[in-house]
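# This is a predicted model, with the sequence first.
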Amino acid sequence: DGPGGGTYATLSNPRKTFVSRPGEGFLPRETARHHQVHVTALCRAALSEAGIDDPSIGIDAVCFTRGPGMGGPLTSCALAARTLALLWDVPLVGVNHCVAHVEMGRVATGAADPVVLYVSGGNTQVIAFS
């Protein structure tokens, strides 16, 4: 069961990981450009792997991370998400970036009540569920 009590399945999870030059970390402009270059191919791969021929029928909503985070990459993804939601006539749902990482970890591991060490840029947190 999902966090809201519903049932779901991950049908596809293609990725294209940004790798920064040694010693530089994630720079907003380069990270945003990486997202812009790869979003179309990743969306096509996800739909294909999931066996979805008509996204306006096979997709219930488009979700994106609203923040916190770097403005450039978040804006790039928000624009892509809004475009897809309009194209497919489905709801657009903004989610918290930190919570999204934690929830994806829960989905990937099957853990119900994990203790999570979240380290992302200027954000470092130990998060426990109760």
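Structure received. Numbering: from 1, shown residues only.
# quick one: what helix or strand has the residue nearest to residue 14 when sequence neighbours are not counted in it?
Nearest non-adjacent residue to residue 14, counting by CB to CB, 6 or more residues apart in numbering: residue 45, 4.2 Å away. In short, each C-beta sits where N, CA and C put it, glycine included. Assigned by DSSP states H and E, residue 45 belongs to helix 28-50.
# where exactly do the helices run in the chain?
28-50, 55-58, 71-88, 97-109 (DSSP state H).
# In CSV: those helices, plus mean neighbour count, mean pLDDT and distance to residue 129.
Listed next are the helices of the chain as CSV, based on neighbours: other CB atoms under 10 Å; pLDDT from 0 to 100; distance: least, CB to CB, whole Å:
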stretch, mean neighbour count, mean pLDDT, distance to residue 129
helix 28-50, 15, 95, 28
helix 55-58, 13, 91, 31
helix 71-88, 16, 95, 25
helix 97-109, 14, 83, 9
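# Residue 128: which of the ones you listed is closest?
helix 97-109 (10.6 Å; CB to CB).
# how far off helix 71-88 does the closest one point, in degrees?
Here the directions of helix 97-109 and helix 71-88 differ by 70 degrees (axes from the mean of the first three to the mean of the last three CA atoms, to 10 degrees).
# Just the buried residues of stretch 120-130, please?
Applying a neighbour-count criterion of 16 or more other CB atoms under 10 Å, stretch 120-130 contains no buried positions.
# and that stretch, how far apart are its ends?
In stretch 120-130, first residue to last residue: 23 Å (CA to CA, to the nearest Å).
# same deal with stretch 85-93?
9 Å.
# Which residues outside it are in contact with it?
With CB atoms under 8 Å, 6 or more residues apart in numbering as the test, stretch 85-93 has contacts from 55, 56, 59, 60, 61, 62, 63, 64, 81, 82.
# Please report the distance of residue 71 from residue 95.
As for residue 71, its distance to residue 95 is 17 Å (criterion: CB to CB, to the nearest Å).
# Let me fix that, I meant to ask about residue 58.
20 Å.
# Repeat that for residue 32.
Relative to residue 95, and taking CB to CB, residue 32 is found at 19 Å.
# which residue of the chain sits farthest from its center?
Each residue of the chain has a distance to the centre, and by CA atoms, centre = their mean the biggest one is for residue 23: 25.3 Å.
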